[in-house]
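Undergrad: kindly generate the corresponding structure for this input.
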Amino acid sequence: MKHITKVYGSLYANNDIPLTLNKGEILAVVGENGAGKSTLMKILYGLEQPTSGEIYLNGEKQNFRSPHDAIAKKIGMVQQHFMLLEPCTVAENIVYGKEPKKGLFFDREGAVKIVEELCEKYGLHIDPRLKVGDCPVGLQQRVEILKVLYQDADIIIFDEPSAVLTPQEVTELLATMRKLATMGKSIIIITHKLHEVMAVADRVMVMRLGKFIQEMPITETNIEEMSFLMVGRHVVERHVDPQPTGERVLDVKDLVLAGSDAKNILDHFNMHVDAGEIVGIAGVSGNGQSELIQCLTGLLPPTSGQILLQGKDVAGHSVGEIREAGCACIPEDRYLWGCAKEATLTETAIMAHQHKPELSKNGLLNSKGAKVFTQRLLDNYDVRNSGQSQKAGELSGGNIQKLIVAREMEQKSPLLIAAEPTRGVDIGAIEFIHGKLLEKRAEGDAVLLISSELTEIMSLSDRIYVIYEGQAAGEFRKEDATEEDLGILMMGGKLV
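TA: This is a model prediction of the structure:
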């Protein structure tokens, strides 16, 4: 890729970017949110067209107008958010769009055979007859990889591939990438996890604010240098000192949420959080975390059990009542739960604050007060924006996340639920958000941290619960928790 430039209005998402990839090589592309990594990959995959610049493949100039063009030239992409049909089988998902036929009809057994041969060839084993909706996240990602390999891709782009995996699944994924590279596939990995870059990449390319910063062989760099190049300063390594805790703020007792079948989604779940502590909940996505958050915040009424917030049972109460009782929440999906994409930054900032005296009177909004309030949040939380009338959906992922964090922190609630607070955000924003959570803890408030990032759980939490199939599978003090033990419980194993 030569001199790739992509301009949106006055914003340079990519500014004169070069990228080279050799056969059988793993190239890591790293940078903060808004650095332009995803835009560059969308251009390579035909999802976006460059404003200027050229792409050459095996010496021939290319013009990718759509992903169809890129796939035809053997370029595949494993998306961060899986593009799978959950009611369909593994085999049906993998061959979708290029199905084997028996006469005029879909050859289901032929598809199963193709997938079995594909699994054998690449050492990525999965039952082709399984329904995708019944597969854990790690296996769903394997289906995505097999889909790309079925399309006969020689170049494979992985976008944040380990965001939702257990430590054991991450190790397996990195081994798969290495194997594919030794078989002659060329791989580009976009990630924020620099220890993974060190473990798997041959070369690393650093981007910052839409520009190419530096490229180097992995043998000639380290995590500290990459962090520095990504954010333009040295990132502080946090040490969290123990501190005394206060009264019980949240006490969840015997919480049950019935599922659509005989199995409970939350199955007699117990946990508590005290003032002045961060309690982490570790688990693979899909084990009841989302439903737990929804029960705690009033979006779902539990079937039975108690949710005691400062001693008052709020189980089954409305969202407004639970907020009033002292609970704020950074939701796990910033676009689905955290904001409306079409709302302005002012509207996004004042959500759930609109009844405050400085923001409204007699049911009418005080526009001037709302602007002052919003500007304070934007400034204090370093949200990069082009003005308060900008739409939430136009901010980069890291910046909209910082605005949501600012809004929820500003509630000054005794309990803050932080669900996936740094999912898909860059190293600078992660450092900033972690600092804010620790400030909340230092002020004597309670924080419940729910994250699929095990390093985040282990570095910030005073205590850790593991959730598996809706139950608390284990509880650890920070000093007793190991990544291996947590990983075993997260997969449903037992500790010896």
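Undergrad: state the distance from Y8 to T51.
TA: To T51, Y8 is 9 Å away according to Cβ to Cβ, to the nearest Å. Quick note: C-beta positions are derived from backbone N, CA and C, even for glycine.
Undergrad: the two: who's more crowded?
TA: Using other Cβ atoms under 10 Å as the criterion, Y8 and T51 rank with T51 on top: 15 against 11.
Undergrad: can I assume the more buried one is in contact with T5?
TA: Yes - between T51 and T5 there is a contact at 5.1 Å, judged by Cβ atoms under 8 Å.
Undergrad: shaky segments in the stretch 51-200 of the chain?
TA: For the stretch 51-200 of the chain, the stretches with pLDDT under 70 are 163-164.
Undergrad: so how far is stretch 445-462 from its chain's centroid?
TA: Centre-to-centre, stretch 445-462 and its host chain are 15 Å apart (Cα atoms, centre = their mean, to the nearest Å).
Undergrad: just the CA atoms of it, as PDB, please.
TA: Provided in PDB are the C-alpha atoms of stretch 445-462 (Å, rounded to 0.1, in the frame of the first residue of the first chain):
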ATOM      1  CA  ASP A 445     -17.100   4.200  46.600                       C
ATOM      2  CA  ALA A 446     -17.700   0.700  45.400                       C
ATOM      3  CA  VAL A 447     -16.900  -0.400  41.900                       C
ATOM      4  CA  LEU A 448     -18.100  -3.600  40.200                       C
ATOM      5  CA  LEU A 449     -15.800  -4.300  37.200                       C
ATOM      6  CA  ILE A 450     -17.100  -6.800  34.600                       C
ATOM      7  CA  SER A 451     -14.500  -7.400  31.900                       C
ATOM      8  CA  SER A 452     -13.400 -10.100  29.500                       C
ATOM      9  CA  GLU A 453      -9.900  -8.600  29.800                       C
ATOM     10  CA  LEU A 454      -8.300 -10.700  32.400                       C
ATOM     11  CA  THR A 455      -5.200  -8.500  32.700                       C
ATOM     12  CA  GLU A 456      -7.600  -5.600  33.500                       C
ATOM     13  CA  ILE A 457      -9.500  -7.600  36.200                       C
ATOM     14  CA  MET A 458      -6.300  -8.800  37.800                       C
ATOM     15  CA  SER A 459      -4.500  -5.400  37.900                       C
ATOM     16  CA  LEU A 460      -7.500  -3.400  39.200                       C
ATOM     17  CA  SER A 461      -9.600  -5.700  41.400                       C
ATOM     18  CA  ASP A 462      -9.200  -6.200  45.200                       C
END
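Undergrad: check which residues of it are buried.
TA: Buried positions in stretch 445-462, judged by neighbour count with 16 or more other Cβ atoms under 10 Å: 445-454, 456-462.
Undergrad: and the helices in the stretch 351-496 of the chain?
TA: Taking DSSP state H, counting those that start in this stretch, the helices of the stretch 351-496 of the chain run over residues 367-380, 397-409, 427-442, 454-460, 483-490.
Undergrad: how much space between V143 and N287?
TA: Look at V143 and N287: by Cβ to Cβ, they are 19 Å apart.
Undergrad: ok, now L124?
TA: Distance from L124 to N287, by Cβ to Cβ: 23 Å.
Undergrad: same thing with K98?
TA: Look at K98 and N287: by Cβ to Cβ, they are 34 Å apart.
Undergrad: and the two? Which one has more around it.
TA: The residue with more neighbours, out of K98 and N287, is N287; 24 against 12, by other Cβ under 10 Å.
Undergrad: helix, strand, or coil at the more buried one?
TA: Classification of N287 using DSSP: H, G, I helix; E, B strand; the rest coil returns coil.
Undergrad: for it, give me phi and psi.
TA: Phi and psi for N287, reported as degrees, to the nearest 10, are phi -110, psi 20.
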